[in-house]
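Participant: need a 3D model of the following:
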Amino acid sequence: LLLLLLNCLFYSLWSMSNLRDREIGPLCAQLEQKLQHDEKKLKFLTDHVDKTSTTLKKIDDVLADFLSRLDRLRSSVDPIHNDTFLMTRTQTNINAAKETLGEMSSFYECSTDAKTMFRGSFALDTVNNHLDMLNRVDAAINYFNSQNSKNPELQKLKDLREEEEEKLVHIYREKLEECSSPLELDYLEEIIKDQSQFIEKGTEAYNMPTCQTQLDPRNATFLKTVCEWMIHKKDMSHECVEMTVVVRDLNAVVINGGISLTKMTKKISTAQFTPRKKGMLRKLSTKRQSHFEPQLGLSENDFGGMDSNVLGPKVTMDRCLAVLRHEYAFLRTFLPRRETSEVLCKVTKVILDPLTRNLSSLNASIKHLIEIGQHYTALYIFSVFEQLHIMSPYFLEIINTCDNSTLRKHFNLELLSIANSGNCLLNDFHEKISSDPQHNKVPDDGTVHEMTSSALKFFAQLLSHIEGAGCVLQKEVGQPSTGLKWLSREQARGVLSAWIKKAVTALLNNLELKSKSPTLKEKITQSVFILNNFNYIKESFEDDIYQETIEKSVLEGMKTELLHLVNIAMDSYLEIAWSEAEASLELLDISGALTKKERELIKARYTRFNDEFRRVLDIHRSVSIPNKVVVGGDSFFLCLACSFPCSYMNCVPCSFFLFLSLSFIHSLTTSLPPFPNVKVVANSSI
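Facilitator: Below is the predicted model of the structure:
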């Protein structure tokens, strides 16, 4: 059994061995080949490492030799380096000492150099050299103050600096005076012409081009350089401003008529300009002239009784604005903005002074004209008012650069004062036509009252100033701080239309009162007076000036009311003038032949009619020729009178009534004033 087991085990091992040999053989061959390849590679690397080791050993030998040589070189260079460092430091000290000595030498030589330059001839082109030398003198003075304040050079330098600064300031003033001669009127007119074109085009004030000046560029450069030195270097801003103000104040005199002045060199803080004394207000003669009658043909110089040498308000406005714009442009060429504002603030007062006085004179003249009743002439103020309003933004644009609220308020006050005068004019005119005395200038012939014609002329002229008149009639015109409150054309039209309606109502009421004046003794004359005046007013409102300017609703309302009043006046006239005569023409109720008594009654009525008609004609001879409405009434009654005989042709002899009719018509045509309409009707009746 044991042998059997061993035999089985042996057989199993033998089988497994044969199987392993068949499977592992190829794999072992592959591994053997790879092992051989790796052995070759390892041998190559071993050889390469040996070579590299040999090379590195050689490099180490070279480096060691280099380090030894470098140590030897450093030991040789160190002494030289130390010597060079010492020499460099010594040279630096020498240069610093040399520079210090040079500066000290320049400080000591500064007085000599400055004296040579300062006391030599001066030219505008060398101003920068002089300013550089002044800077050098300042540096030398600072040096001596800090190092040796007792050095005699210090006082020399201070004296030279003071002398040169005074010289520069004096030259600045002389040059500024030389460039500040009053503007020639021809040149001023060119500025006015240019600015007028821009204003007419509606150019905004901030878009108005800067005015061109006659300042030479060379002089402008000099003035600008000296100003910058005075303001920034020497802190003399106040002195520069005051000096410029003194010189530039004189230029404003050209506004008052181009009067030339000689140069003034007095050292004063502010130039005082005394204008020529104005003449007293011219006394307007009222002889043979009602206080309602317009006075035409006045020029600007005539207006208000101004002196012939004093310009009118409109011309003064143009010149003031032109000079103000030129002044701003002139100052900006050499002064900084802040100093320009300060100078302009003071000079503007002088420039605007003629305009202020002119407007004050205008207000006084308007007040005088109102007092003597020359309201039509005083309407000139609205032309000035509207022109001043148009130009005010251009004035304020420059005034605002001054950053001075007082100047703005002052200018606005002048504008508001003109508006107030216009308001007083309209209110006084309304008061005049409302409360004019009953007996004042009432025509005894019943013609149109001169108050009526003058009032309508006043209205027509006023309507050419819609915006100005409407503005002054509003409840709140404006405030000095905010300026004038200007209305649009439509708004002003509405305000003015309402005022005219109110004034016409007052006029009509006053005319009704005047119709009861003792001057008009006959009731016929009173009715003719009312009819003539009311109809004259109604027809006047048919003119284009009223149609185009007064609001349509207001105008139509007034025309309707006036037509109604004219019709009432016409009925009143016919009732008063012809009621008695018309009653005489009342027909009798006759059916057959006339009796003697009826014949006598008809004859009596003819006689009474002729007597009444002659009485009315006698009154008409002393009355002005009535208007066409009155003539129409006379013609109508004449037709009635001529038709009276025809009613009795079949009752009485024709010759008798024909004789009476011809006698009546002959009496009428020879007694009446030359009424063409009446004659035509009478002839046709015959």
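
Participant: pull the number of nearby residues for residue 536.
Facilitator: 18 (other CB atoms under 10 Å). Placement of C-beta: from N, CA and C, glycine included.

Participant: name the element the nearest residue to it once chain neighbours are set aside belongs to?
Facilitator: Once flanking residues are discounted, residue 536 sits nearest to residue 448: 4.8 Å by CB to CB, 6 or more residues apart in numbering. Per DSSP states H and E: residue 448 is located in neither a helix nor a strand.

Participant: okay, now residue 448: neighbour count?
Facilitator: 19.

Participant: same check, this time on residue 161
Facilitator: 18.

Participant: separation between it and residue 490?
Facilitator: Residue 161 sits 69 Å away from residue 490, going by CB to CB, to the nearest Å.

Participant: ok, now residue 458?
Facilitator: Following CB to CB, the distance that separates residue 458 from residue 490 is 23 Å.

Participant: neighbour count for these two, which is higher?
Facilitator: Neighbours per residue (other CB under 10 Å) separate residue 458 from residue 490, with residue 458 holding more: 22 against 11.

Participant: quick check: the residue nearest to residue 125 when sequence neighbours are not counted vs residue 616, distance?
Facilitator: Spatial nearest neighbour of residue 125, excluding adjacent residues (CB to CB, 6+ apart): residue 218 at 7.8 Å. Applying CB to CB, the value for residue 218 to residue 616 is 94 Å.

Participant: these two: who's more crowded?
Facilitator: Neighbours were counted for residue 218 and for residue 616 using other CB under 10 Å; residue 616 has more, 21 against 10.

Participant: pretty sure residue 214 is one of the things residue 187 touches, is it not?
Facilitator: Yes: counting by CB atoms under 8 Å, residue 214 is a contact partner of residue 187 at 6.9 Å.

Participant: the two: which is more packed in?
Facilitator: Each of residue 187 and residue 214 has its neighbours counted (other CB under 10 Å); residue 187 has more, 15 against 11.

Participant: the helix or strand the more buried one falls within: how far from the chain's middle?
Facilitator: Applying DSSP H and E as the criterion places residue 187 in helix 185-200. With CA atoms, centre = their mean, to the nearest Å as the basis, helix 185-200 stands 16 Å off its chain's centre.

Participant: now do the buried residues in it.
Facilitator: 188, 191, 192, 194, 195, 199 (16 or more other CB atoms under 10 Å).

Participant: give me the pLDDT for the fifth one.
Facilitator: Looking at residue 195, its pLDDT stands at 90.

Participant: contacts only, for it.
Facilitator: Residue 195 sits next to 208, 211, 318, 321, 322, 325, 394 when contact means CB atoms under 8 Å, 6 or more residues apart in numbering.

Participant: now do the helix or strand hosting the fourth one against helix 185-200, angle only.
Facilitator: Meaning residue 321. Per DSSP H and E, residue 321 falls inside helix 313-332. For helix 313-332 against helix 185-200, the angle by axes from the mean of the first three to the mean of the last three CA atoms, to 10 degrees is 100 degrees.

Participant: after helix 313-332, which helix or strand is next?
Facilitator: Scanning onward from helix 313-332 (DSSP H and E), the first element met is helix 337-371.

Participant: what is the strand or helix carrying residue 34 packed up against?
Facilitator: Residue 34 belongs to helix 2-118 when elements are defined using DSSP H and E. Contact partners of helix 2-118 among helices and strands, from 3 or more CB pairs under 8 Å, 6 or more residues apart in numbering; DSSP states H and E: helix 127-147, helix 152-178.
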